[in-house]
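Trainee: my questions are about this predicted structure, shown below with the sequence.
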Amino acid sequence: MIRLAANLSMLFTEHDFLERFAAAADAGFSGVEYLFPYAYSPDTLRSALEASGLQQVLFNLPPGDWEAGERGVASLPGREAEFRDSVTEALRYAVALDCPRVHAMAGLIPEGADESTRQAHHATYVANLRFAAREAAKLGREVLIEPINTRDMPRYFLSHQDQAMAVLQEVGEPNLRLQFDLYHCQIMEGDLVRHLECQFEHIGHIQIAGVPERHEPDVGEVHYPAVFERLKELGYVDWVGCEYRPAGNTRAGLAWGRPFGLRPE
Ligand SMILES: O=C(O)C(=O)[C@@H](O)CO
Ligand SMILES: [Mg+2]
C-alpha cells in the first residue's frame, strides 16, 4: 500500500507553516514533504513532527537565491562551492529530521543556451550529483533528481525522463534516484504508466497532482486510479507526495484520498 505525504508548501496553507503538521496528521496523512526547512531550526521542525506523529519524507537542498528566481545550483558552472555547502546543510537537516532523502534542484540554463553551454551544465551536474550522492551515502541518505516541466519553470535544466535516466546512469551511484512527479511528466511527455514501468527500479519518490491546473488529483486529464492500480501491481510501497494546489479548502478537497485513509471531513 502506498503512503501519502502532504506537501506542506502547497497543502494546508490555510494555516501558518508550523500548524500545517497537525492539520495534515488530523486529515490522515502519515508523512510530510515541503520545499525548504531552512527558515526553522531542526529542533523546531523535529518538535512539530513528533507532536503530530508524522514522518519527514523529503525536502530540497538550498536552491540558490529563490526570491531572485534561481531554482537550484546543481548544474550551474562556477557555483560548485555553494552546491557543496548546500549538500552539507541539507544533510544536517536530513539527519536531524530523520529524513531519508533530499532533492537537488538542477537550476536554470541561460536563455538561448547553445550546445556547448548545455554540455557545461551537464558536466557540472554530473560531478556535483556524484559528490552529493557520496556524501549522502555516508549518512545512509538518498539524493533525488526531478524532471520539471518547462511551462511552469522555463529553462529548467532537467525536463525530460530520458535525460534524468542518462544522468543517473552516468553518475552511477546507487543512492542517486529519480523523483518521479507525474504532473510534470504528463505535461512534458504523457505516457505515465509506461514511464513508471520503465523507470520503476530507479524511482525514489513519487509526486502527484491534477493536470493541467495542478489541483487535486481527481481534477483534470490524468486518471489516477489507473496509475495507482499499476503502482500497486508493480509493488510500490513507498511514499507518494501530494504536491498540488487545492482548488478550495485543503481538507474539503481530500475525498480522492479516502481509499488511502485520508479524511475530507
Ligand atoms: O515543483 C516541484 O514539482 C517540486 O517537487 C519542488 O520540489 C521543486 O522541485
Ligand atoms: Mg515535484
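Mentor: The structure has been received and is ready for your questions. Ligands and ions are numbered 1, 2, ... in the order given.
Trainee: which residues touch the one residue in the chain that gets nearest to ligand 2?
Mentor: Here the chain gets closest to ligand 2 at one residue, Asp181, 3.6 Å apart by Cβ to the ion. Just so you know, the C-beta spots here come from the backbone N, C-alpha and C atoms, and that holds for glycine as well. For Asp181, the set of contacting residues under the criterion of Cβ atoms under 8 Å, 6 or more residues apart in numbering consists of Glu146, Pro147, Ile148, Ile206, Gln207, Ile208, Ala209, Glu243.
Trainee: quick check: the first one touching Cys185?
Mentor: Put plainly, it is Glu146. No. With contact defined as Cβ atoms under 8 Å, Glu146 and Cys185 do not form a contacting pair (9.9 Å).
Trainee: does whatever helix or strand Phe180 lives in reach ligand 1?
Mentor: In this structure, Phe180 sits in strand 176-181 according to DSSP states H and E. Yes. Applying Cβ under 6 Å from any ligand atom, one finds that strand 176-181 is in contact with ligand 1 at Asp181.
Trainee: centre of the chain to that strand, how far?
Mentor: Chain-centre distance of strand 176-181: 8 Å, with Cα atoms, centre = their mean, to the nearest Å.
Trainee: does the residue nearest to Leu18 when sequence neighbours are not counted sit in a helix, a strand or a coil?
Mentor: What sits nearest to Leu18 in space, not counting adjacent residues and going by Cβ to Cβ, 6 or more residues apart in numbering, is Ala48, at 5.4 Å. Reducing the assignment at Ala48 to three states with DSSP: H, G, I helix; E, B strand; the rest coil gives helix.
Trainee: sorry, back to before: confidence score at the residue of the chain closest to ligand 2?
Mentor: On the pLDDT scale, Asp181 is placed at 99.
Trainee: tell me what it is bridged to.
Mentor: Residues found in beta-bridge contact with Asp181 (criterion: DSSP bridges) are Gln207.
Trainee: what residues does the chain put near ligand 2?
Mentor: Residues of the chain that fall close to ligand 2, judged by Cβ under 5 Å from the ion: Asp181, Gln207, Glu243.
Trainee: chain neighbours aside, what residue packs nearest to His184?
Mentor: By the measure of Cβ to Cβ, 6+ apart, the closest residue to His184 outside its immediate chain neighbours is Asn149, 4.3 Å from it.
Trainee: how about the contacts made by the residue nearest to Leu91 when sequence neighbours are not counted?
Mentor: Excluding its sequence neighbours, the residue lying closest to Leu91 (Cβ to Cβ, 6+ apart) is Leu139, at 5.6 Å. In this structure, Leu139 makes contact with Leu91, Ala94, Val95, judged by Cβ under 8 Å, 6+ apart.
Trainee: let's go with 10 Å and repeat that
Mentor: If a contact means Cβ atoms under 10 Å, 6 or more residues apart in numbering, then Leu139 has Leu91, Arg92, Ala94, Val95, Pro100 as its contacts.
Trainee: could you measure the nearest residue to Asp98 once chain neighbours are set aside against Arg101, distance?
Mentor: The shortest distance from Asp98 to any residue that is not its chain neighbour, by Cβ to Cβ, 6+ apart, is 6.5 Å, and that residue is Gln56. Applying Cβ to Cβ, to the nearest Å, one obtains 10 Å for the distance of Gln56 from Arg101.
Trainee: and for Ala247?
Mentor: Using Cβ to Cβ, we find Ala247 at a distance of 29 Å from Arg101.
Trainee: more neighbours: which of these two?
Mentor: Regarding Ala247 and Arg101, a neighbour count based on other Cβ atoms under 10 Å identifies Arg101 as having more, with 22 against 14.
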